[in-house]
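Undergrad: Mind folding the following:
(one chain, ligands or ions: 1)
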Amino acid sequence: MELLRDVVVFVHICGFAVTFGAWVAEAAARRFQVSRVMDYGLVVSLVTGLALAAPWPAGIVLNYPKIGTKLVILVVLGGLLGMGSARQKRTGEAVPRGLFYAVGALSLAAAGIAVIW
Ligand code: HEM
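TA: Residues are numbered from 1 along each chain as shown. Below is the predicted model:
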């Protein structure tokens, strides 16, 4: 059971890597667009995060304020990505720079909170 939990944490971290990696790739290419890959990473983070939010194996102590904070961040991120992709489809242009940087900052903040809190 402990090994299974470690595997789920690993996949959870991969979800972050996919979202943040896609964001870094957009920034490095100076396209400043949101992408489906960011959505996919977020879905992986959400599904695995919810699985990890259950107290298994027995006896494990979870930091629910921290988990709740990350859930709020993830919902906000989902909203920003949704708004951004709708806007991109409508205008055919990159999203506003503030929205783009907010996606990267929130994604990084969630990982920082996960590790440091
Ligand atoms: C963008 C969103 C998220 C990011 C970047 C993220 C990142 C991480 C990282 C890096 C870890 C490993 C930390 C460690 O083991 O020291 C972790 C663990 C964990 N995450 Fe997330 N996470 C996110 C969203 C969520 C959500 C939405 C939930 C639940 C609703 C969640 C629940 C957990 C749980 C339960 C753990 C296990 C370790 C712990 O209790 O801290 N995460 N997360």
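
Undergrad: gap between the residue in the chain positioned nearest to the ligand and A28?
TA: Closest residue of the chain to the ligand, C-beta to the nearest ligand atom: G49 (2.5 Å). The way it works is simple: take the backbone N, C-alpha and C, and place the C-beta from them, glycine included. Counting by C-beta to C-beta, to the nearest Å, the gap between G49 and A28 amounts to 27 Å.

Undergrad: Compare the two (neighbour count), which wins?
TA: Each of G49 and A28 has its neighbours counted (other C-beta atoms under 10 Å); G49 has more, 21 against 8.

Undergrad: got a list of what that one touches?
TA: By C-beta atoms under 8 Å, 6 or more residues apart in numbering, the contact list for G49 reads 12, 15, 67, 70-71, 74.

Undergrad: which of these are close to the ligand?
TA: Among the contacts of G49, proximity to the ligand is found for 12, 67, 70-71, 74 (C-beta under 6 Å from any ligand atom).
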